[in-house]
Every structure is written in C-alpha cells, then in structure tokens.
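Student: need coordinates for the below:
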Amino acid sequence: MPDFLGYLLLSAFSFVLVLSVVVFVHELGHFQVARWRGVAIDTFSIGFGKTLLGWRDKQGVQWKVGALPLGGYVKFADDADAMSTGPREKNDDPQAIAEARAKGLFHAQPLLTRALVVAAGPVTNFVFSILAFAAIALIMGRDATDYANVPARISAVAEASPAADAGLQAGDVVLSIDGRAIANFTEFQAAVAAAPEQTLTFQIERDGVRSAISATPRREGARGLIGVYGPLVLDSERRIERYGPISAIGAGAANTWDIVAKTGQYIGAIFAGRESGTRSPAPSAFSMFQAKWRRAR
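Tutor: Residues are numbered from 1 along each chain as shown. Prediction:
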C-alpha cells in the first residue's frame, strides 16, 4: 500500500507538472501574439480558483497562480469571462468599435488579429514539442542498440511474482526454456507468454555459473507473465547515435508528428469501433524516454 500510494502521488504530481508546463506555453503563445498586435491584456493565469501568488507588471497585466492547477487562461481587457467567450458589452456602432479597437480591446480587433491570437496557442505548443524532443535527442542521442543480439538478461524482478518466488534475480541470463535456446529478451517474452499456468524450466547463467530454475507464469488475459523486466544492457552492448543541432530538430519534428499521427489514428479507430476509449493513444515524452533505457515486460 505505501508503494502504491507513493506511485499515485508521483503520478499526480507528474500530471500536474506536465499540464502546467503545457498550459503555460500555450497561454504564453496567446499572450505574446496579443501583445505584438497591440491587444490590451488584463490577466495571465496558471490555474483557477483562489490566487496563491500574484503580481501586476508595468503594462498593467495581472500575473497569478491559482489554487486549482488544472488549466489556465489569458483574459483580455474586454473579455466577459476567463474563457474569452465574448465581450463584456456588445456594440454595433462603427464609431464605438473604432474607439474600442484603438484602445486595444480584443473583440473589436480585425479578423486577422483575432485569428493570429487564437492560433498562437496551439502553434506554440507544436513548436515547444519539437524543441523539447530535439533537446532530448541532442542530449541523449538515439538508442541504436541491436537488441536482437543482446542476451535475455533480466534487469529487475517484481516483488511477489512467479519469478521472485522461483529465485530469479536481476543480472540472470536466461539461456534456454524447456530445452529451447533463447537468444534475446524478445524470445524469452514470447516463450513465457505462450505458456500461462505451465511450469517451465529456465536454464540460467548467474555470475558465470549455470543452473536450472522452474517457474510457472501466471495468466493475465491470454498471456503468461512471470514478473521480470529487461533486457539489462551492458555498456559494451549499448550503441548510441548522436545528433547534431539540425538533425536533432528533424528528430524532434518527426517524434512530434508521430505522436500526432498516432493520436489521430486512435481517435479514428474509436469512431470506427476498432478501439476502446480506455487505452492511451500514444506514448508520452517521459514514457518514450524510459523506453530507450528500459524495456519493461
């Protein structure tokens, strides 16, 4: 229970942190273009509800952090509400509209200005995503390890799992299962998945010594699982391809497009009845980062 609670708190904190960054970048896009086009801005808020932290800058914009960190907004001087659903006062008089436009009131601005301000939020998010992925690629490079030639070496064993009960340990290399040679972790997974609730004999190597261990994969759906993670890749086996600044930006754009495309395919599949709404449509940046270094199964 303490482990689950810690995981839950960490997940909640991560969600709020990522959401806050995404919202801040999105609203900053609206804000910067609005200021460039001379639109009068009243408030820039991250979060809703009671103000926890706030100040007003020299241009008269109130910056604040709300108690409920599940969104944010830029409120223009003539907005009726934080969602910019309309002006506080509607006026069809040409002179009044001209005066309001001169004051920088958003809802009196020409269509081009309003369109640029509205589009700036999502466009800024796309640019930020590309730069974030590019930074990851530039710093970490691309994992080009040939996993087909990495032995089925276990990186971790889950507690209270069939593997733990059988005595399997991190660092163990699985050489064969029921006499069938295992070349890599993918073959190991396939053999275990195909034998739910069947006792298997694992020939392993630990610290240069070979031995046999028996374990029975538990059934999850139609698959067998024993509760191990891997593969554990040694430094001598890992291969990292490095990016230059230009190629890193290309990788960032490719990763961003990949997530957008997969999300679009997933939404289309929901409407077509081929997917449910309970599965994550695309990996997050953090999960993609994790997958480069640890393949959990």
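Student: now whichever strand or helix holds Phe13: mean pLDDT?
Tutor: With elements taken from DSSP states H and E, the one containing Phe13 is helix 2-36. Average pLDDT, helix 2-36: 84.
Student: elements contacting it?
Tutor: Helices and strands touching helix 2-36, by 3 or more C-beta pairs under 8 Å, 6 or more residues apart in numbering; DSSP states H and E, are strand 41-56, strand 62-76, helix 111-140. Placement of C-beta: from N, CA and C, glycine included.
Student: would you turn the ones you listed into a markdown table with mean neighbour count?
Tutor: Converted to a markdown table, the helices and strands packed on helix 2-36 look like this (neighbours: other C-beta atoms under 10 Å):
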| stretch | mean neighbour count |
| --- | --- |
| strand 41-56 | 15 |
| strand 62-76 | 17 |
| helix 111-140 | 17 |
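Student: and of those, who's closest to Gly244?
Tutor: Ranking those by proximity to Gly244 (C-beta to C-beta) places helix 111-140 first, at 8.0 Å.
Student: and the closest one, what does it pack onto?
Tutor: helix 2-36, helix 245-272, helix 285-293.
Student: between that helix and helix 245-272, how many degrees?
Tutor: Put simply, helix 111-140 runs at 110 degrees to helix 245-272, going by axes from the mean of the first three to the mean of the last three C-alpha atoms, to 10 degrees.
Student: so how far is Val233 from Leu68?
Tutor: Taking C-beta to C-beta, to the nearest Å as the measure, Leu68 and Val233 are separated by 43 Å.
Student: ugh, typo on my part, it should be Leu53
Tutor: Applying C-beta to C-beta, the value for Leu53 to Val233 is 44 Å.
Student: before we move on, which element is Arg210 in?
Tutor: Counting by DSSP H and E, the element that carries Arg210 is strand 209-215.
Student: and the contacts of that strand?
Tutor: For strand 209-215, contacts defined as C-beta atoms under 8 Å, 6 or more residues apart in numbering pick out 162-163, 165-168, 175, 199-204, 226.
Student: who are the neighbours in contact with Gly227?
Tutor: By C-beta under 8 Å, 6+ apart, the residues touching Gly227 are Val157, Ala158, Ser161, Pro162, Ala163, Ala164, Arg218.
Student: out of those, which comes closest to Asp79?
Tutor: Scanning these for proximity to Asp79, where the rule is C-beta to C-beta, the winner is Ala158, at 51.8 Å.
Student: run a quick neighbour tally on Ala181.
Tutor: When neighbours are defined as other C-beta atoms under 10 Å, Ala181 has 9 of them.
Student: verify the stated contact: it with Ala191.
Tutor: No. Using C-beta atoms under 8 Å, Ala181 is not in contact with Ala191; the gap is 10.4 Å.
Student: how much space between the most far-flung residue of the chain relative to its centre and Ala108?
Tutor: Most distant from the centre of the chain: Gln95, at 49.3 Å, with distances by C-alpha atoms, centre = their mean. Gln95 sits 11 Å away from Ala108, going by C-beta to C-beta.
Student: export stretch 249-265 to PDB, keeping only CA atoms.
Tutor: Taking C-alpha atoms only, stretch 249-265 is exported to PDB below (Å, rounded to 0.1, in the frame of the first residue of the first chain):
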ATOM      1  CA  ILE A 249      15.400  19.400 -34.700                       C
ATOM      2  CA  GLY A 250      14.500  17.000 -37.500                       C
ATOM      3  CA  ALA A 251      14.200  14.200 -34.900                       C
ATOM      4  CA  GLY A 252      12.000  16.400 -32.700                       C
ATOM      5  CA  ALA A 253       9.700  17.200 -35.600                       C
ATOM      6  CA  ALA A 254       9.500  13.500 -36.500                       C
ATOM      7  CA  ASN A 255       8.600  12.500 -32.900                       C
ATOM      8  CA  THR A 256       6.000  15.200 -32.700                       C
ATOM      9  CA  TRP A 257       4.400  14.200 -35.900                       C
ATOM     10  CA  ASP A 258       4.500  10.600 -34.900                       C
ATOM     11  CA  ILE A 259       2.500  11.300 -31.700                       C
ATOM     12  CA  VAL A 260       0.000  13.500 -33.600                       C
ATOM     13  CA  ALA A 261      -0.500  10.800 -36.300                       C
ATOM     14  CA  LYS A 262      -0.900   8.000 -33.700                       C
ATOM     15  CA  THR A 263      -3.400  10.100 -31.800                       C
ATOM     16  CA  GLY A 264      -5.400  10.800 -34.900                       C
ATOM     17  CA  GLN A 265      -5.400   7.100 -35.900                       C
END
